[in-house]
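K.L.:
Build the 3D model from these lines:
(2 chains)
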Amino acid sequence: MTEEQAIIEVGKDTLLGRVADFHFQGYRLVQICCTPLEDAIEVNYSFDLNYSFTNLRLSVKPGEEIQSISIIYWSAFVYENEMRELFGLNIKNIVVDYQGHFYRTAMPTPFVTPGPVESPADGE
Amino acid sequence: MAQRNIIPFGPQHPVLPEPIHLDLVTEDETVVEAIPSIGFVHRGLEKLVEKKDYQEFVYVAERICGICSFMHGMTYCQAVEEIMGLDVPPRALYLRTVWAELSRIHSHLMWLGLAADAFGFESLFMNCWRHREGVLDIIEATTGGRVIFGSCKIGGVRRDIDDGTMKGIVKKLETMASEIRRSTDVFLNDYSVQHRLKGVGVIDGEEAHRLGTVGPVLRASGIAMDARKIGYAAYRDLKFEPVIEKDGDCYSRCRVRVREVFQSIELIAQAAQKIPPGETEIRVTGAPEGEYFSRVEQPRGEVIYYVKADGTKNLKRFRVRTPTFANLPAMVKMLKGAGLADVPNIILTIDPCISCVER
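P.N.:
Numbering: from 1, shown residues only, chains lettered A, B, ... in the order given. This is a model prediction of the structure:
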């Protein structure tokens, strides 16, 4: 393996504390990404310090509210605006909030896995 | 109090033929806020991974960008190879390094040409692109393609470069280096270029690091971060140090790219000297199961590929964080307080690739 990559599970109550700890140690915010699962959305917050790569992993239930980390890492606002607009994540207190106008999308939250398509009833 | 106006910049603009839109909030001639919006040509390639065979998806990954296409394919292959625990033959790793550095040279020369064109130095623009043609010729001779190489595959590479051709490439690049230097000396020494770029769009090292900036933008602010130092492909065997500049302005970002052109020529010479004989690919069977974040230093900076697989031929998740996306917060910061006339130069020196962002 080219590099060891740690993945640390966190809860939404402990997220900000862990992120603040990374910030204090001088980690760079590398990226934030979402993975839609069957019953939740998995959010990976990736950090790097001297080429050491670490991830915080948070599982978010549909409709659940999470806090923005942009108050700690200002640059997180681009990732968080993206997650909200493409995946419909309910993120509070983003420091630069584009109010849904960061991505020009033809439909709201296009990356949310769609539910089963219902067939129109007979005669419709 | 000065009157506030909103000036739209893009998605079509003479210095930036890429579809990003910025609302520039100005007071007189000063930008007080820049509000970006993207998504004009979003292609949904990340979603396509759910329908394509994981081995065929290399072709899609290569088409994310027409400039660093090879590096996109390589980053994707690395991610899958790490998940599957494949031992890629050393010769293939060296060949990937050579093609990656050729991509960096042609990307930087293309950027230098575009920058020259933006300043109004049309002759310099044509010279930079003439040099770039020489690099594209090498790429075409060794891969068969000029934009999409199609030479990277999971488990290795599809083509080999024989020793005679490799020596010829090194010799040609050495000859080109002196010609390229004549053009790059203009960038580094010309009064007009310095006047337009020095002290413009300044971002210091601490702030650049805090903003998650990557690539030449970060290194121009004095931070020696280069994903090649992780040691992927053959970089662990090559001697190099990240190119850094201290001032963090548009001129420093230009200097970093100029110096990286010559660094890449040197890295190709080292790789040509050390490349071992042997196979260039291994047979790949089965399907990946697991996840990995693959990191590669593209011409614009560190790219991240997140790949998650569940043991079937279709991947579960494929996510690309491009260097341009990582540099957006820095761009927003740099534009705040800038003069309106400096906006094109600031954006240009980030070398944004919206094609990559709209993956």
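K.L.:
interface residues of chain A facing chain B?
P.N.:
Residues of chain A lying close to chain B by CB under 8 Å from any CB of the partner chain are A:1-3, A:5, A:28-31, A:33-36, A:44, A:46, A:51, A:53, A:55, A:73-75, A:77-78, A:96, A:98, A:101-105, A:110-111. Bear in mind the C-beta positions are built from the backbone N, C-alpha and C, glycine included.
K.L.:
same for the host helix or strand of residue A:35, what does it pack against?
P.N.:
Using DSSP states H and E, the element containing residue A:35 is strand A:28-36. Here strand A:28-36 touches strand A:41-49, helix A:76-87, strand B:301-310, strand B:317-321, going by 3 or more CB pairs under 8 Å, 6 or more residues apart in numbering or on different chains; DSSP states H and E.
K.L.:
Need the contact partners of the helix or strand just after the longest one.
P.N.:
Following the chain from helix A:76-87 toward its C-terminal end, the next helix or strand by DSSP H and E is strand A:90-92. Surrounding strand A:90-92, the residues in contact under the criterion CB atoms under 8 Å, 6 or more residues apart in numbering or on different chains are A:63, A:64, A:65, A:66, A:67, A:68, A:80, A:83, A:84.
K.L.:
If any of those residues are buried, put those into a PyMOL selection.
P.N.:
To isolate the buried members of these in PyMOL, using 16 or more other CB atoms under 10 Å in any protein chain shown:
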select buried, chain A and resi 66+67+68+80+83+84
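K.L.:
Tell me the one among the contacts of strand A:90-92 nearest to residue B:280.
P.N.:
Of all those, residue A:83 has the smallest distance to residue B:280: 40.0 Å, by CB to CB.
K.L.:
from what I can see that closest one touches residue A:43, true?
P.N.:
Yes. Counting by CB atoms under 8 Å, residue A:43 is a contact partner of residue A:83 at 7.1 Å.
K.L.:
what residue ranges in chain B are flagged as low confidence?
P.N.:
Per-residue confidence for chain B (pLDDT under 70) gives these ranges: B:1, B:17.
K.L.:
rewinding a little: redo the helices and strands packed on strand A:28-36 as JSON lines? Include distance to residue B:275.
P.N.:
Listed next are the helices and strands packed on strand A:28-36 as JSON lines, based on distance: least, CB to CB, whole Å:
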{"stretch": "strand A:41-49", "distance to residue B:275": "30"}
{"stretch": "helix A:76-87", "distance to residue B:275": "39"}
{"stretch": "strand B:301-310", "distance to residue B:275": "25"}
{"stretch": "strand B:317-321", "distance to residue B:275": "29"}
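K.L.:
For residue B:157, what are phi and psi?
P.N.:
Residue B:157 has phi and psi values of phi -130, psi 160 when expressed as degrees, to the nearest 10.
K.L.:
need the contact list for it.
P.N.:
Residues in contact with residue B:157, defined by CB under 8 Å, 6+ apart, are B:92, B:95, B:96, B:151, B:280, B:281.
K.L.:
Any regions of chain A where pLDDT drops low?
P.N.:
Counting by pLDDT under 70, the low-confidence segments of chain A come to A:1, A:113-124.
K.L.:
Could you pull out the strands in chain B for me?
P.N.:
For chain B, the strands defined by DSSP state E cover B:4-9, B:21-27, B:30-37, B:152-153, B:156-157, B:289-298, B:301-310, B:317-321.
K.L.:
Can you add distance to residue B:65 and give the ones you listed back as CSV?
P.N.:
CSV is the format used below for these (distance: least, CB to CB, whole Å):
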stretch, distance to residue B:65
strand B:4-9, 22
strand B:21-27, 20
strand B:30-37, 19
strand B:152-153, 14
strand B:156-157, 19
strand B:289-298, 8
strand B:301-310, 9
strand B:317-321, 10
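K.L.:
on that earlier part again, just the buried subset of the residues of chain A next to chain B, please.
P.N.:
Neighbour counting by 16+ other CB under 10 Å classes A:2-3, A:5, A:28-31, A:33-35, A:44, A:46, A:53, A:55, A:73-75, A:77-78, A:96, A:98, A:102-103, A:110-111 among the residues of chain A next to chain B as buried.
K.L.:
about what we covered before: quick check: neighbours shared by residue A:83 and residue A:43?
P.N.:
Residues touching both residue A:83 and residue A:43 by CB under 8 Å, 6+ apart: A:32, A:34, A:89.
K.L.:
measure the residue nearest in space to the middle of chain B to residue B:151 for me?
P.N.:
In chain B, the C-alpha nearest the mean C-alpha coordinate belongs to residue B:299, at 2.5 Å (CA atoms, centre = their mean). According to CB to CB, to the nearest Å, residue B:299 and residue B:151 sit 18 Å apart.
K.L.:
before we move on, what about residue B:245?
P.N.:
According to CB to CB, residue B:245 stands 33 Å off from residue B:151.
K.L.:
and those two? which has more neighbours close in?
P.N.:
Ranked by neighbour count (other CB atoms under 10 Å in any protein chain shown), residue B:245 and residue B:151 place residue B:151 first, with 25 against 18.
K.L.:
Surely that one touches residue B:139?
P.N.:
No. Between residue B:151 and residue B:139 there is no contact under CB under 8 Å: 9.2 Å.
K.L.:
Overlap of the contact sets of the two?
P.N.:
Shared contacts of residue B:151 and residue B:139 (CB under 8 Å, 6+ apart): B:99, B:145.
K.L.:
returning to what we had before: distance to residue B:317 added to the contacts of strand A:90-92, as CSV?
P.N.:
Shown next, in CSV, are the contacts of strand A:90-92 (distance: CB to CB, whole Å):
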residue, distance to residue B:317
A:63, 21
A:64, 20
A:65, 23
A:66, 19
A:67, 24
A:68, 23
A:80, 19
A:83, 14
A:84, 18
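K.L.:
Next to chain A in this structure, residues from the stretch 201-350 of chain B, please.
P.N.:
B:209-212, B:225, B:227, B:229-232, B:292-293, B:295, B:302, B:304, B:306, B:308, B:316-317, B:319, B:321, B:325-326, B:328-330, B:332.
K.L.:
which among these end up buried?
P.N.:
Buried subset of those (neighbour count, 16+ other CB under 10 Å): B:209-212, B:225, B:227, B:229-230, B:232, B:292-293, B:295, B:302, B:304, B:306, B:308, B:316-317, B:319, B:321, B:325-326, B:328-330, B:332.
K.L.:
So what sits opposite residue B:26 in the bridge?
P.N.:
With DSSP bridges as the criterion, residue B:26 is bridged to residue B:5, residue B:31.
K.L.:
got a list of what residue B:67 touches?
P.N.:
Residue B:67 neighbours (CB under 8 Å, 6+ apart): B:103, B:106, B:107, B:110, B:299, B:353, B:355.
K.L.:
repeat that with 7 Å
P.N.:
Contact partners of residue B:67, counting by CB atoms under 7 Å, 6 or more residues apart in numbering or on different chains, are B:107, B:110, B:353.
K.L.:
Distance-wise, check it relative to chain A.
P.N.:
According to CB to the nearest CB, to the nearest Å, residue B:67 stands 21 Å off from chain A.
K.L.:
any idea how far residue A:40 lies from residue A:8?
P.N.:
For residue A:40, the distance to residue A:8 equals 17 Å [CB to CB].
K.L.:
Compare neighbour counts for those two and give me the winner.
P.N.:
residue A:40 (14 against 11).
K.L.:
which non-adjacent residue is nearest the more buried one?
P.N.:
residue A:59 (4.9 Å; CB to CB, 6 or more residues apart in numbering or on different chains).
K.L.:
Dihedrals phi and psi, that neighbour?
P.N.:
phi -100, psi 130.
K.L.:
Wait, it touches residue A:38, no?
P.N.:
No. Judged on CB atoms under 7 Å, residue A:59 makes no contact with residue A:38 at a distance of 11.6 Å.
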